[in-house]
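Engineer: test case, fold it:
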Amino acid sequence: MVRGGPWPTARGGQPVRGTAVPPAVSNVVLVPVTGPGRFFLPPRSTIPGVFVKPVQRRKSLAVNVDGVVIGGDAPVVVQSMTNTDTADVESTFDQVRLLADAGSELVRVTVNNDDAAQALPEIVSRLRAHGYTTPIVGDFHYNGHLLLTRYPEAARALAKLRINPGNVGTKHRDANFTKIIEVALEYDKPIRIGVNWGSLDQRLLTELMDENAARDEPM
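Structural biologist: Model prediction:
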């Protein structure tokens with residue numbers, strides 16, 4: 001059970017940014033450091049029954065997302081995602097605030113249609129008016145090249161774009177991918193290229209699976 005204050009003083013440990021309300025992790029004490037919303041896992045010797053293996057982070061390029069640095073030597077950043085209809089400005093605005101208050105340093109929203117794209121400037125504007133500087137990340141699938149071209153104000157409002165190269169537009173995926181990159185360059189926005197099993201290009205997936213099946217010893 002994660003225990004609340006008064007928090008113990010621990011030495012060592014790798015700083016990790018986390019939520020303001022620690023998740024329920026069995027037998028682990030999260031110690032707040034350097035201000036609200038940031039915790040680190042104490043050394044293994046201070047946690048009875050829990051063994052913590054040090055994590056060796058791979059070297060990566062530091063990317064600045066509207067003041068939040070990801071990669072390089074920066075602490076791990078917490079990102080969350082809304083589950084609202086982004087076109088519903090009020091509910092999306094409210095949920096982003098709740099996530100930010102809980103310690104989320106980036107918040108991702110789905111941008112799946114015209115209404116969602118049109119809502120983005122208003123959502124971001126309201127957040128800034130209420131003192132929230134949390135960068136908003138746009139999650140695009142299939143039609144991102146169209147939405148970003150059609151609604152440049154949405155591209156300007158976002159702090160970062162997230163796309164999956166496997167579903168940026170069927171037959172013309174290369175051209176559509178290029179269009180998204182061009183928009184990102186025009187508005188100076190970083191891009192996360194996020195690939196996962198569920199959205200891999202099916203033609204490529206089938207080709208690789210066939211190649212594997214033809215091996216003397218399939219993997």
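Engineer: so what's the residue nearest to the spatial centre of the chain bridging to?
Structural biologist: Closest residue to the average C-alpha location of the chain: residue 79 at 4.4 Å, with C-alpha atoms, centre = their mean. Residue 79 has the following beta-bridge partners by DSSP bridges: residue 106.
Engineer: wait, doesn't it sit right on residue 104?
Structural biologist: Yes. Applying C-beta atoms under 8 Å, one finds residue 79 in contact with residue 104, separated by 6.6 Å. Where C-beta positions appear, they are placed from N, C-alpha and C, glycine not excepted.
Engineer: surely residue 192 forms part of a strand?
Structural biologist: Yes. Using DSSP: H, G, I helix; E, B strand; the rest coil, the assignment for residue 192 is a strand.
Engineer: this protein - how does it break down into domains?
Structural biologist: As recorded under automatic domain parsing, the domains making up the chain are 1-56, 77-203.
Engineer: list the buried ones in stretch 130-149?
Structural biologist: 132, 134-148 (16 or more other C-beta atoms under 10 Å).
Engineer: what about the helices in this structure?
Structural biologist: With DSSP state H as the criterion, the chain has helices at 89-101, 114-129, 144-150, 152-157, 173-186, 202-213.
Engineer: which strands or helices does the third one pack on?
Structural biologist: Using 3 or more C-beta pairs under 8 Å, 6 or more residues apart in numbering; DSSP states H and E as the contact definition, the elements that helix 144-150 packs against are helix 114-129, helix 152-157, strand 160-163, helix 173-186.
Engineer: can you give me the end-to-end distance of stretch 197-206?
Structural biologist: 12 Å (C-alpha to C-alpha, to the nearest Å).
Engineer: now stretch 127-141
Structural biologist: Across stretch 127-141, the terminal residues are separated by 25 Å (C-alpha to C-alpha).
Engineer: got the contact list for it?
Structural biologist: Under the criterion C-beta atoms under 8 Å, 6 or more residues apart in numbering, residues 65-68, 79, 81, 93, 96-97, 99-100, 104-112, 120, 123-124, 144, 147-148, 154, 157-164, 167-168, 180, 192, 199 lie in contact with stretch 127-141.
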